[in-house]
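Asks: Task: produce atomic coordinates for the following.
(6 chains)
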There are 6 protein chains.
Amino acid sequence: MKRVVSFGEIMLRLSPPGHERFFQSPELRTYFGGSEANVAVSLAHFGVRSDYVTRVPANALGDGAVRALRAEGVGVEHVVRGGSRLGLYFVESGADLRPMRVVYDRAGSAFAQLDPAGIDWAAVLTGADWLHLSGITPALGDGPARAAQEAATAARGIGATVSLDLNYRPALWAGRDPSALIRPLAESADVLIANPGAVDAMLDIRVDGALEWEKRLTAIAARVHEELGCGQVAMTHREVLSASEHGWSAALYEATGKNAHASRRYQVRIVDRVGGGDSFAAALIFARSSGRAGLDAVRFATAASALKLTIPGDFNRVSVEEVDRLLEASG
Amino acid sequence: MKRVVSFGEIMLRLSPPGHERFFQSPELRTYFGGSEANVAVSLAHFGVRSDYVTRVPANALGDGAVRALRAEGVGVEHVVRGGSRLGLYFVESGADLRPMRVVYDRAGSAFAQLDPAGIDWAAVLTGADWLHLSGITPALGDGPARAAQEAATAARGIGATVSLDLNYRPALWAGRDPSALIRPLAESADVLIANPGAVDAMLDIRVDGALEWEKRLTAIAARVHEELGCGQVAMTHREVLSASEHGWSAALYEATGKNAHASRRYQVRIVDRVGGGDSFAAALIFARSSGRAGLDAVRFATAASALKLTIPGDFNRVSVEEVDRLLEASG
Amino acid sequence: MKRVVSFGEIMLRLSPPGHERFFQSPELRTYFGGSEANVAVSLAHFGVRSDYVTRVPANALGDGAVRALRAEGVGVEHVVRGGSRLGLYFVESGADLRPMRVVYDRAGSAFAQLDPAGIDWAAVLTGADWLHLSGITPALGDGPARAAQEAATAARGIGATVSLDLNYRPALWAGRDPSALIRPLAESADVLIANPGAVDAMLDIRVDGALEWEKRLTAIAARVHEELGCGQVAMTHREVLSASEHGWSAALYEATGKNAHASRRYQVRIVDRVGGGDSFAAALIFARSSGRAGLDAVRFATAASALKLTIPGDFNRVSVEEVDRLLEASG
Amino acid sequence: MKRVVSFGEIMLRLSPPGHERFFQSPELRTYFGGSEANVAVSLAHFGVRSDYVTRVPANALGDGAVRALRAEGVGVEHVVRGGSRLGLYFVESGADLRPMRVVYDRAGSAFAQLDPAGIDWAAVLTGADWLHLSGITPALGDGPARAAQEAATAARGIGATVSLDLNYRPALWAGRDPSALIRPLAESADVLIANPGAVDAMLDIRVDGALEWEKRLTAIAARVHEELGCGQVAMTHREVLSASEHGWSAALYEATGKNAHASRRYQVRIVDRVGGGDSFAAALIFARSSGRAGLDAVRFATAASALKLTIPGDFNRVSVEEVDRLLEASG
Amino acid sequence: MKRVVSFGEIMLRLSPPGHERFFQSPELRTYFGGSEANVAVSLAHFGVRSDYVTRVPANALGDGAVRALRAEGVGVEHVVRGGSRLGLYFVESGADLRPMRVVYDRAGSAFAQLDPAGIDWAAVLTGADWLHLSGITPALGDGPARAAQEAATAARGIGATVSLDLNYRPALWAGRDPSALIRPLAESADVLIANPGAVDAMLDIRVDGALEWEKRLTAIAARVHEELGCGQVAMTHREVLSASEHGWSAALYEATGKNAHASRRYQVRIVDRVGGGDSFAAALIFARSSGRAGLDAVRFATAASALKLTIPGDFNRVSVEEVDRLLEASG
Amino acid sequence: MKRVVSFGEIMLRLSPPGHERFFQSPELRTYFGGSEANVAVSLAHFGVRSDYVTRVPANALGDGAVRALRAEGVGVEHVVRGGSRLGLYFVESGADLRPMRVVYDRAGSAFAQLDPAGIDWAAVLTGADWLHLSGITPALGDGPARAAQEAATAARGIGATVSLDLNYRPALWAGRDPSALIRPLAESADVLIANPGAVDAMLDIRVDGALEWEKRLTAIAARVHEELGCGQVAMTHREVLSASEHGWSAALYEATGKNAHASRRYQVRIVDRVGGGDSFAAALIFARSSGRAGLDAVRFATAASALKLTIPGDFNRVSVEEVDRLLEASG
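Replies: Predicted coordinates for the structure are as follows:
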């Protein structure tokens, strides 16, 4: 069994029940989540040895985050405890014409104030086959940014594959140019997960916007490979038809063959839209590291993440068998 | 900021959770609502100074009704306390092929037994720019009927705009001809909100039923203007495709230009169908009183009320910004 | 198996969850209950053939009431359907220093407007061994009052035992003297369940208030027997130590031996105080009709009703075995 | 009013709330259900005198099952108490792309270990017009199998109609050939409810699979009639478009006219897919036994069961009026 | 009707249901609260015109806080909107031997970063009879500290009474000496609410600890009056017998008579221990400003706050009548 | 950090909410638990490396059990997957006079049908310091009985301490004499946890019942040591004052000093009585293996298990710090 290490923040999410607006009733449903944590959890559900590295406070909220990861089968041996607070976010799901609404409250979190010296990446990565990072981490503070770069460097050093999901969140970069931090990180990555807007904003790479989807992806990916060296570039395509219905598809470019593999498109009645991209990343990591070829891998990853959209919470609690069954059923 | 006064009953609504049938489980969800109260609440969410005039008993249910209005930002200074009971209604939402089911229990309510002498309309309306009434109130009893007419007269007297939503509920008029009470009220109204069936039943005005929708509206509205003097006539058009999916559109006729402005049509996956028409009225009042022209006003009102259909409860808890954002998104 | 017929109103009770005040959260928990209905249900749980006679509207609330009775094993064959509304009551449980709070909304109920001609008591009582009534019914309206008297007369006619629980509710008698209606009913009763205040207010019988509890009971009961002929008089004694803790005991006077049997006193941490007296009446009926002697009967009835105080809702869902087990355990 | 007797298992169903996966939250919602029990309940809602014969343990779970039947108006006089456990099943509803998931835990149930000598069918069926059975019962054990056959024989003996819903569940027959048990039972049946796969597996009857739906049904039904003598053969057709959306239609073949009547097709947004076929059977029984002709009967049964798909739980809590209203509304 | 202005933070409280530990289930119950906000709400329930001055962010959490205040009848006209986050706190209630557990997450709140220049106290206090402050506010930051002092000065200037509840929270003052900020504030206060430990830590006033309770209070209060000029000093006395049971009593010293009035002691089964002291302060303000004399005032305030301990959430939702009824009942 | 291995069944527990009776509402709350699993979980909360060995089915219920253990920090590497069902038990909590009620449904469970050959104890116990067993396991079947004995033998072989909690459940031994299986197991145990009744029934050891508690314990323990060699014997003493209030104390006998150490007695308002003895065992294991002497150990274990009674579910989610804080607070 392969061992994958993921690194990033984990937050407490609070959501009103069903389709309610914030504080319409006095209940909030808790979930724990975060882009890379979602990847770690999905990998554990696929049977992969999955460890998560993060920093959470030594209080009941930090305990809750660790407990949530552990419940899903994620290794938490390298979780650092300290700092004053856990990042939070409040999510109102919306419904049909009424869009999802998110209030972030993550400033000053234990993770944002992480000291990179507190993580011994050589020890953490011993026996690891893969390291997963996202473009959110460098935006959160100097400590996380440096820790992410050090992790990538250490992983390359031991021959582990490195994946980076750009995960562009404009609000986190307010007034700053992401490329200075993200380009070096991308140069360390074998697998880049992105979408055209993120590549533009975070890597300063843009192509003719008039190209149709597959050609555009191929052009972007070729440029990414050329400039930054990433051997695989995956892009997901979410069409928000309404808060309750999304189109979902993806494609994967492989530099070796200079070609792109496209998945089919799923149209999904949304149960929970959070974590779709993360579950794609997890499933792609699983598929590649378990030997599935390009087209099979992107099909698997797209089916897995389409399933995620039907599951409450940030985590994709589906097994490999369930994904394969959907692939069969959807031809 | 404009000040709008609304007058009518407010009731306690009790609904089983989710898609359950009545008493399938021992929980009921409470909401407070009522046609004009829903208007008052929506106006408060739009930032308008919105006061509600009603009568509720001096017990815990009356307290609950006042508390609900106050929570939404509605002024309750002029709520009269007294009488023996609060009107109730029980709503089973239905689902898809299974229609919504309502059991009313409003007879003998504090509001139905209201003494019109107990409301000093001159005082209540001081500083008011708009008065909103509905055709439900006159059906509830002599007291409410007289109070509504007095309110309309007082409002005209101080130059406030008067809107009347016909809100035809056949069960409330059982065996009585509404027109004797409603026509005089409509004559006091500047803005009439209706649909063809209500105009027929309550105003004795009918046009060729074979006309297509926009022409029919124009014909009706012209007749309404001619006979009763209302300068603006708005009509909403709800197509009940199933208990879970409605078509929703509206049009507004302006006597000045003798023309009708039609909104686009929204097809909405229903979260809660109650209060759609009321939220249209509120948004139309907001739009007109904040200076939006005819087409913009009907577009705003239709978008606002389409959003209502995605929100649990009777109240339309959306802001002006959210409505404008939907207008932008839906072109 | 004996067959007991009970006659009275059944209402929908609505309570906020746990210790909350009214409308503190938007949930209400529903129960169905009513003094005589509670008796009928408890009897069914004791394995007695128990039929309930009442009138509920032909709507979803009436259906819910019938369903609730049926679920507990009560025969509903003689429930009359009609009228416009089901009586309601809202109960806030209170806690410790904060007393229970009840808002009744039962005026104009289907039962209050019952036509006594609609019940064929000869048919209803065929094969019945016992008829149970309460002093609430005559307070609700002429129809119920006459029906109760007719039922008692019919029961006497076929040799069935008649029990009457005075159940004095001052608010229901506002400004009226209950004795004119209640004394004749009591004269038809073999078993009277009461407390000193009720006997005073409803039967115009009072004794020296300075007597200690058992002597006072004996004196009252002897007078009741003398004046009205009831062979057995039972009295419950509830000490409200707080909303959360009650003392609970009872005594039974038998005219044959001219002596009173006293139960032990239970001190109970209250889960739901509603229905304590009704469960006492039911257990007394069961005990007497299944041949338990005076002391055993009052012990059984007191233990059964002490158990009721630990059960949510109005109904006493305990079996004979459970009551006997408590009697054993409590010596 | 007709009297219908149904015989089979009843189980406790446990489902996580909403669209959650198993054990995602610590709540489970309980329902009671079972193919024939669902039929009995639906018949009671249609106003039919409906009795259920089953065996449940003499513990709190058995009590719960009896209580659930009684609440819906089903006669439980002939329910046998005994055995060690109630069958259970756990249902995760799924959503859209994610299919429903069921874990059965019914081995060793009180019903499976039923002793056929414990049921006196002559007594049970006295006054019955109809007996309903399903193909699940014989699969559960020798006792149930023999009891079902005895019931069918006894019903034929008194001239009652016998209906059999094949209800093919491959897992229950693992490694066994159903036909030896099912063919004799089918020979006792006047009305057979099935689908092509079940007829193939359980009756060893198969026709040209390339035939279009209505022709195929007619061919199968004719063969069933020819070989086994059933005068009416009904087939439902469920198209699982997703876990959230099904197509639903049916047809009924009558041997007398040698023709098939097809219902319209409903496309239903699923609230709860369990019990669709059972509610079809119940509605067909009601329609035939209340004199509706072939086409009307299949229309009624299809509409009733389409409504079931919008109701939480296994039971179809709809009235005849509601079904007829849907028939009118859907033309 | 008097008008009372209170100033301080308001936070969102999040609690697991019932007696659960944090994150034992995925639900959290929300309440809004804060020492001075609790005072403002309780005053509104007593029928006082009660305004709250605070600063909350212009997001959904700030909206929720304003809505919660408004629902209870508190004036929110002077609430400032801005800043980045609302303070939060997580409360696990504990049970019996297991103590309550609180995790604060209030650093960097909108209130802590309040600019005192943003509040025009002259305008805010126009027509006010009373200003209420607590010792928490100065601990939260320079802005709040200055604003509190300015408010006190302005209130004195217009002849309004000023009350200060010391509310000593050691964690907020970590490493700082409160007296430099609190003594000047106390000098502006007419009414001081405290306990011996707080007076010691925040005012540098201590007396012989061996004195029995009433003498000790008198000694402290005399010193407070002497040194700082406060005419009334009230102290509450909470005995934590367990997480589920508290003793609760209080005393009030009046400088005019140089004497202390002691309440009776309540022993209360706790529903929610948060906000006990705040509800005492509110009831004392109500009692004094409505003319109740010293002993009556402290009795009223103690009874009111004992009732608070039986109500879920931070707010004391009791009326004057309910408090007076408890006073009567408890002699 | 020490490593403790526990072996036994784990079951799914289902309980109605709050004080409800079974199936009074349609909700059940799930917990996972089992005597030895509860020990393993409590040890993990104390920071011990705690592994659980059991067998659960390869279905969603087995997954749920593993997930529950993992969430609490228990190692699940040696959990065997297989068999057809997970054991279940249904618990109604009772209240005050109404006792707890349990319905077991564990026959035929995956654990009961465990093949001892499937567990390689040498591998499982590598690095273990302690093995914990209970007297329930041998009662469940031959496989579990043999596996328990093999585990004890293997643990002795590597010098690990073995503890055995007799946990006498008469229903599990119906008609069988436990001593043949339990005495050999007890001979392998260093630490025996029991109560006088269990020692009598399972070890055939009894002493003069008239002795007072501490003398009786000493006499029993001395006999146990003499006959079976156990060096430490601990006994808990639960006084069921009502379903809502228990007395709780314990004593520990050490053969070395031939003396017994008694804890203080806690009187606890019960939140959940299940798992009290298990949490005592866990805390005793922790205390002894972390070097606490006899009196300190029994005090710690008694305080820890008294805290358990305040926590919902079977698991004792308390930390060492929390227990020590209670010890300090309770002197």
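
Asks: Now do A:Pro178: how many residues are near it, please.
Replies: Other residues lying near A:Pro178 total 22 when counted by other Cβ atoms under 10 Å in any protein chain shown. Bear in mind the C-beta positions are built from the backbone N, C-alpha and C, glycine included.

Asks: How about it: what's its closest non-neighbour residue?
Replies: Leaving aside its chain neighbours, A:Pro178 sits nearest to A:Met202 (4.3 Å; criterion: Cβ to Cβ, 6 or more residues apart in numbering or on different chains).

Asks: Is the one you found part of a helix or strand, or is it coil?
Replies: helix (DSSP: H, G, I helix; E, B strand; the rest coil).

Asks: Please name the residues that touch it.
Replies: A:Gly135, A:Leu166, A:Tyr168, A:Pro178, A:Ser179, A:Ile182, A:Arg183, A:Ala194 (Cβ atoms under 8 Å, 6 or more residues apart in numbering or on different chains).

Asks: any idea of the pLDDT on it?
Replies: A:Met202 is assigned a pLDDT of 97 by the prediction.

Asks: for the stretch 1-150 of chain A, what spans make up the helices?
Replies: A:35-45, A:60-71, A:121-125, A:142-157 (DSSP state H, counting those that start in this stretch).

Asks: F:Val124 is nearest to which of those helices?
Replies: Each of the helices of the stretch 1-150 of chain A was scored for nearness to F:Val124 using Cβ to Cβ, and the closest is helix A:60-71 (20.7 Å).

Asks: average pLDDT for that closest one?
Replies: 98.

Asks: Outside of it itself, list whatever touches it.
Replies: Under Cβ under 8 Å, 6+ apart, the answer for helix A:60-71 is A:10-12, A:30, A:32, A:37, A:40-41, A:52, A:54, A:56, A:76, A:79, A:81, A:85-86, A:110, E:22-23, E:90, E:92, E:101, E:103, E:105, F:67-68, F:70-73.

Asks: who in the stretch 1-150 of chain A is up against chain D?
Replies: Residues of the stretch 1-150 of chain A that fall close to chain D, judged by Cβ under 8 Å from any Cβ of the partner chain: A:Gly18.

Asks: Nearest spatial neighbour of the residue most central in space within chain A, chain-adjacent residues omitted?
Replies: The residue lying closest to the centre of chain A (Cα atoms, centre = their mean) is A:Asp278, at 3.3 Å. Spatial nearest neighbour of A:Asp278, excluding adjacent residues (Cβ to Cβ, 6+ apart): A:Asn38 at 3.6 Å.

Asks: hang on, that neighbour packs against A:Asn316?
Replies: Yes. If you go by Cβ atoms under 8 Å, A:Asn38 and A:Asn316 touch, sitting 6.9 Å apart.

Asks: quick one: the nearest residue to A:Ala37 once chain neighbours are set aside and E:Thr30, what's the gap?
Replies: Excluding the flanking residues, the one nearest A:Ala37 by Cβ to Cβ, 6+ apart is A:Ile10, at 4.2 Å. Applying Cβ to Cβ, to the nearest Å, the value for A:Ile10 to E:Thr30 is 22 Å.

Asks: now do A:Glu239
Replies: Taken as Cβ to Cβ, the span from A:Glu239 to E:Thr30 is 34 Å.

Asks: higher neighbour count, those two?
Replies: E:Thr30 (21 against 11).

Asks: rewinding a little: residues in contact with both of A:Asn38 and A:Asn316, list them for me.
Replies: In contact with both A:Asn38 and A:Asn316: A:Gly275, A:Asp278, A:Ser279, A:Ala282, using Cβ under 8 Å, 6+ apart.

Asks: Looking at the stretch 201-331 of chain A, which residue is nearest chain C?
Replies: A:Pro312 (20.6 Å; Cβ to the nearest Cβ).

Asks: Let me know the distance separating that residue from chain B.
Replies: 14 Å (Cβ to the nearest Cβ, to the nearest Å).

Asks: ok, the spatially closest residue to that residue that is not a sequence neighbour to chain E distance?
Replies: Ranked by Cβ to Cβ, 6+ apart and with sequence neighbours excluded, the top spatial neighbour of A:Pro312 is A:Asp272, at 5.0 Å. According to Cβ to the nearest Cβ, A:Asp272 and chain E sit 13 Å apart.

Asks: Likewise for A:Gly75?
Replies: With Cβ to the nearest Cβ as the criterion, A:Gly75 and chain E are 20 Å apart.

Asks: For that residue, give the beta-bridge partners.
Replies: According to DSSP bridges, the partner residues bridging A:Gly75 are A:Asp51.

Asks: Close to chain E: what parts of the stretch 101-250 of chain A are there?
Replies: A:Arg101, A:Val103, A:Asp105, A:Ala107, A:Gly108.

Asks: Spell out which parts of chain A neighbour chain B.
Replies: So chain A meets chain B at A:18-21, A:24, A:94-99, A:242-244 (Cβ under 8 Å from any Cβ).

Asks: could those residues go into a markdown table alongside pLDDT and neighbour count?
Replies: Output for the residues of chain A next to chain B, formatted as a markdown table (pLDDT from 0 to 100; neighbours: other Cβ atoms under 10 Å in any protein chain shown):
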| residue | pLDDT | neighbour count |
| --- | --- | --- |
| A:Gly18 | 95 | 16 |
| A:His19 | 97 | 20 |
| A:Glu20 | 97 | 20 |
| A:Arg21 | 98 | 23 |
| A:Gln24 | 95 | 21 |
| A:Gly94 | 96 | 20 |
| A:Ala95 | 97 | 26 |
| A:Asp96 | 96 | 23 |
| A:Leu97 | 96 | 23 |
| A:Arg98 | 97 | 26 |
| A:Pro99 | 97 | 18 |
| A:Ser242 | 94 | 19 |
| A:Ala243 | 94 | 21 |
| A:Ser244 | 94 | 22 |
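
Asks: farthest-separated two in those residues?
Replies: Checking the residues of chain A next to chain B with Cβ to Cβ, the most distant pair is A:Gln24 and A:Ser242, at 20.3 Å.

Asks: ok so, going back, can you tell me which of the helices of the stretch 1-150 of chain A is most buried?
Replies: Highest mean neighbour count among the helices of the stretch 1-150 of chain A (mean count of other Cβ atoms under 10 Å in any protein chain shown): helix A:35-45, with a mean of 29.

Asks: and the residues of the stretch 101-250 of chain A next to chain E as CSV, adding pLDDT and neighbour count?
Replies: Below are those laid out as CSV (pLDDT from 0 to 100; neighbours: other Cβ under 10 Å):
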residue, pLDDT, neighbour count
A:Arg101, 97, 16
A:Val103, 98, 18
A:Asp105, 98, 24
A:Ala107, 96, 14
A:Gly108, 96, 17
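
Asks: contacting residues around A:Arg29?
Replies: Contacts of A:Arg29 (Cβ under 8 Å, 6+ apart): A:Leu14, A:Ser15, A:Pro16, A:Pro17, E:Pro26, E:Glu27, E:Leu28.

Asks: out of everything not next to it in sequence, what's closest to the fourth one?
Replies: The one in question is A:Pro17. A:Glu27 (5.4 Å).

Asks: can you pull out the strands in the stretch 101-250 of chain A?
Replies: With DSSP state E, counting those that start in this stretch as the definition, the stretch 101-250 of chain A shows strands at residue ranges A:101-105, A:130-134, A:161-165, A:191-194, A:232-242, A:245-254.
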